[in-house]
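# I would like to see how this sequence folds:
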Amino acid sequence: AALRRWLAAMPPALPPDLAWVAEASDGMDRTALRARIGATPRPVFPLQGRDALAAGIPPGPGVGQALARVRQWWLEGGCEADAEACRKMLKRG
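Model (predicted):
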């Protein structure tokens, strides 16, 4: 879950280049870390602004705030919730 959260937060080209940070902090072999990063699909948050609008959130700053709240929930859950679960969380307010 921690690796998926990290990958979701990083630009796509960046994670392998940061492998040395993890190696320095916990002694993990850089080659093994790069292989693990390469084998882990990069999670993509499944909602967009149109999902918030469809949930009845009026256009404006509230859309971004609602998506940020749901994205944080998604990240805390290890980036495993699918679009339907995220839409349900969006509707909960």
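# element containing the closest residue to L47 other than its chain neighbours, please.
Once flanking residues are discounted, L47 sits nearest to C86: 5.0 Å by CB to CB, 6 or more residues apart in numbering. No exception for glycine: its C-beta is placed from N, CA and C like everyone else's. Applying DSSP states H and E as the criterion places C86 in helix 83-92.
# residues making contact with that helix?
45-47, 51-52, 55-57, 66-67, 70, 73-74, 81 (CB atoms under 8 Å, 6 or more residues apart in numbering).
# Most neighbours of all the residues you listed, which one?
With neighbours taken as other CB atoms under 10 Å, the top of the contacts of helix 83-92 is V70, carrying 25 neighbours.
# right, and that one touches Q48 too?
No - with contact defined as CB atoms under 8 Å, V70 does not reach Q48; the gap is 11.2 Å.
# can you give me the helices for this protein?
Remark: helices assigned in the chain by DSSP state H are 2-9, 19-26, 30-39, 49-54, 61-76, 83-92.
# now the fourth one: mean pLDDT?
Confidence over helix 49-54 (mean pLDDT, whole number) is 97.
# what packs against that helix?
Applying 3 or more CB pairs under 8 Å, 6 or more residues apart in numbering; DSSP states H and E, one finds that helix 49-54 contacts helix 61-76, helix 83-92.
# do the fifth one as well
Using 3+ CB pairs under 8 Å, 6+ apart as the contact criterion, the elements in contact with helix 61-76 are helix 2-9, helix 49-54, helix 83-92.
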